[in-house]
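Enquirer: With the input below, show me the fold.
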Amino acid sequence: MSNSSIRKRFAALAVSLGLILTVPFSTLATAQERDSFRIAWSIYVGWMPWGYGEAEGIVRKWADKYDIEIEVVQINDYIESINLYTAGSFDGVTATNMDALTIPAAGGVDTTALVVGDFSDGNDGVVLKGTDSLEDIEGKRVHLVELSVSHYLLARALESVGMTERDIRVVNTSDADIVAAFNSRDVEAVVTWNPQLGELRRMNDANVVFDSSQIPGEIMDLLVVNTEVLEANPAFGKALAGAWYEIMSIMQGDDEAGREARSAMGDAAGTDLEGYEAQLASTTMFYDPAEAVAFVESGSPQETMESVRQFAFEHGLLGERAPNPDFVGIQFADGSILGSESNVKFRFNVDYMRMARDGEL
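Expert: Numbering: from 1, shown residues only. Next comes the predicted model:
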């Protein structure tokens, strides 16, 4: 599997809308009570637990508890997994907060962040060749996956030193080609994520001048689900939350079970225990549901989504019909809404994480 398949985060709204129009109505996720569900996931450090939970029967155990079935399906292409969810082929999908907003929510699919699993805390970075000063990026061609979270990170980095994208030139580059590009003589600046960022860090002439630890909480990794499906089937949400936090309790341990779980996740991600733990080290995982609830109930998501929606609108990621950043409404745990109150399509829900925290699952 190429790295370009696993964490592309540029918007694919037009593709998503096209899929919705071509999928028969009978295949779309519908808001009715039922007993069978599907979620899609793709390879990334914070989402490997879903594959592990499927392989070890943990998801099945929790689904059985609520007399339902949940199929957990790995999709090799990250954006395709979100497109399939948006088209109704899946009831949930692993996605970043930015992509959940710009693809399904902007495409009209009411979407709820059911599990806030982690945020990038150094997994994404801006790398310059031959200098350790971010200011030296001015005037350079910056290679990255355009309209991805790398692009968002670049915008935030430039903002931190009083620059904008007008001060640089973005060069769209596949994440699979980033390391090779940086090795060429004429490339002086790239933005990427792990594991490519880890490879670049080991190069003598590479300097990480800005990374996601400087914007903590802004690149969130989520499990999102169709809001109407969730409301009609609360057992679906309970089973997913129960399974997730059982996996978390296993993988965080320093005992043999924890090491075996992390090793299995590393193997599935194309690395090993050491490599996977290195990626976890630059990820703030919410192993305890209380931590996730506290994070979502803080003001952090509101501040983050304000920044994200402004970036999305400025780069055309909310669709051609969006006259301003308020086009898509975003609802937070306290009930407050950012943007259109009549078009709320992205929601942060702590109900099921709170149940896990309080032992009510």
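
Enquirer: burial of Leu338, as a residue count?
Expert: 19 (other C-beta atoms under 10 Å). For the C-beta atoms, the positions are set from N, CA and C on the backbone; glycine is no exception.

Enquirer: can you check Asp186 too?
Expert: Asp186 has 6 nearby residues by other C-beta under 10 Å.

Enquirer: how about it, secondary structure?
Expert: coil (DSSP: H, G, I helix; E, B strand; the rest coil).

Enquirer: Next, it: phi, psi?
Expert: phi -90, psi 0 (degrees, to the nearest 10).

Enquirer: what's the answer for Phe346, then?
Expert: Main-chain torsions, Phe346, degrees, to the nearest 10: phi -140, psi 130.

Enquirer: Could you pull up the contacting residues of it?
Expert: Applying C-beta atoms under 8 Å, 6 or more residues apart in numbering to Phe346 gives the contacts 100-101, 105, 111-113, 328-331.

Enquirer: and if you look at Gly237?
Expert: Going by C-beta under 8 Å, 6+ apart, Gly237 touches 114, 225, 230, 351-352.

Enquirer: again, only using 10 Å
Expert: Neighbouring residues of Gly237 by C-beta atoms under 10 Å, 6 or more residues apart in numbering: 66, 92, 112, 114-115, 225, 229-231, 349, 351-353, 355, 361.

Enquirer: Show the buried residues in those.
Expert: The neighbour count (16 or more other C-beta atoms under 10 Å) marks 66, 92, 112, 114-115, 225, 229-230, 349, 352-353, 355, 361 as buried among the contacts of Gly237.

Enquirer: Quick one: name whatever helix or strand follows the helix-or-strand element of the chain with minimal mean pLDDT.
Expert: Ranking every helix and strand in the chain by mean pLDDT, DSSP states H and E puts helix 13-22 at the bottom, with a mean of 40. Per DSSP states H and E, the first helix or strand lying C-terminal to helix 13-22 is strand 36-41.

Enquirer: residue boundaries of the helices in the stretch 151-300 of the chain?
Expert: For the stretch 151-300 of the chain, the helices defined by DSSP state H, counting those that start in this stretch cover 178-183, 196-201, 227-232, 234-251, 256-268, 273-281, 289-297, 300-314.

Enquirer: give me the number of residues near Trp62?
Expert: Neighbours of Trp62 under the rule other C-beta under 10 Å: 24.

Enquirer: pLDDT averaged over the helix or strand where it lies - what is it?
Expert: Using DSSP H and E, Trp62 falls within helix 58-65. In this model, helix 58-65 has a mean pLDDT of 98.
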